[in-house]
Each structure stands twice: as structure tokens, then as C-alpha cells.
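Peer 1: please find the sequence and the predicted model below.
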Amino acid sequence: NNLGMVYSSQGKFPDAIRHFSAVLNIDPNYVRAHANMGLLMAAQNNFYEAIVWYQRALDISPRLFGTHNNLGLALMETGQLDQAAIHFDRAITLNPNSAIVYINSALVKMRTGQMDDAEKNLTKAIEIKPDISEAYYYLGNIKTHQGEVQAARDYYQKVLDYDPDNLEAHKRLSALHTEE
């Protein structure tokens, strides 16, 4: 499994697959190999295959919050937003101190028009990790969508306070200033 991870990090996907498969031939219930195959498939933008591997991992060990999060991401990529939301909620239940899971959950909520719930999740992500610029960025997007220009500017500026090279935040902030 470790060698498979090394190959995967080097972009040597066929070698990684061979090593993960060898591990699974020895121990078909080795959950990390299933989860790692999911990561490998997602890295190749093969999200449907990633979903299968993540689900296998969760069938073996249903309390892996990271795998629920990764499955949610793959489901989101394939447009299965209701299922993605279920897995992000499960990940939050398993680890309520992961800011990134709250952000991922907020993205699904934004895509499904649940802006108030998305805003709550992003605020929770900031409570957990105050310097998480992505949460401020998405809050800026929500406020822009709602026509709250000053609040949007404040959020984009906050992104730049933590991530001064964030090109998207610069663009959005500039666009809001030119609307005046």
C-alpha cells in the first residue's frame, strides 16, 4: 500500500494500481487500499470509478470521515448532489472539527440554492479555522449573489489578507469596485 502511494504521488498510476491490487489480493478487506484506489481514480478524473472504491472502503469501515468527504467530492463531480450532501453530513458527524468538510458541504448547498445553510457552514468553517481563505471567498460569492456588495468586498478582502496571491479574489474585488 505504501509503495502504491509513492507511485501515485509520482503520477505513475499504472504502477500504483498494480501495488494496490496486490495488497487487495492478499487482504481484500484492507480498507486503506480501497480508499487509496478511490483517491487514485479521482486524481485521474475517473470519478465514477472513485465512487465505487470509496463505497467499498466505507462498506468495510463506515466511520472513515475522510473517505466520506472524498466520496462526497466525487459524487459532487458527477452531479449527484443529494448523495454528496449525505456523505458530507456524515463526515461532519464523524469529525465536527474539520473546516474543509464544512466548506465542501457549503458548496453542495450553494449549488442547490440553499444559501442560508451554505452561509452557516462557511461561518462554522471559519470558527474552526479562522484563516481558511476559501470560506471567506465563498461567503463573498454568496453576498455578491445576494447583492450585498459591501459585505462581499469585505469577504474578498479577508481572502486577500490570508492569501494575498489569490487571483480570483483580486478579480472579484476589482469587479465589485468597478460596479460603483
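Peer 2: Everything's here; your move. Numbers count the residues shown, from 1 in each chain.
Peer 1: contacts, neighbours, all on C-alpha from now
Peer 2: OK.
Peer 1: now for the residue nearest the centre of the chain: which residues touch it?
Peer 2: Nearest to the mean C-alpha position of the chain, by Cα atoms, centre = their mean, lies Asn104 at 4.6 Å. Neighbour list for Asn104: 69, 73, 88 [criterion: Cα atoms under 8 Å, 6 or more residues apart in numbering].
Peer 1: repeat that for Met76.
Peer 2: Met76 sits in contact with 84, 108, where contact means Cα under 8 Å, 6+ apart.
Peer 1: cutoff 6 Å now
Peer 2: Shown in contact with Met76 (Cα atoms under 6 Å, 6 or more residues apart in numbering): Ala84.
Peer 1: figure out how far the strand or helix carrying it is from the centre of its chain.
Peer 2: For Met76, the element it lies in under DSSP states H and E is helix 65-77. When distances are taken as Cα atoms, centre = their mean, to the nearest Å, helix 65-77 is centred 7 Å away from the chain's centroid.
Peer 1: contacts for the following helix or strand past that helix next, please.
Peer 2: Using DSSP H and E, the helix or strand that follows helix 65-77 in sequence is helix 81-94. Identification of contacts with helix 81-94 by Cα under 6 Å, 6+ apart yields 65, 68-69, 72, 75-76, 105.
Peer 1: list the buried ones in helix 81-94?
Peer 2: 81, 84-92, 94 (16 or more other Cα atoms under 10 Å).
Peer 1: and if you look at stretch 111-119?
Peer 2: Per 16+ other Cα under 10 Å, stretch 111-119 contains these buried residues: 115, 118-119.
Peer 1: what does stretch 10-24 give?
Peer 2: Buried-residue list, stretch 10-24, by 16+ other Cα under 10 Å: 13, 15-17, 19-21, 23-24.
Peer 1: equivalent analysis for stretch 28-42, please.
Peer 2: Quick answer for stretch 28-42 (16+ other Cα under 10 Å): 29-42.
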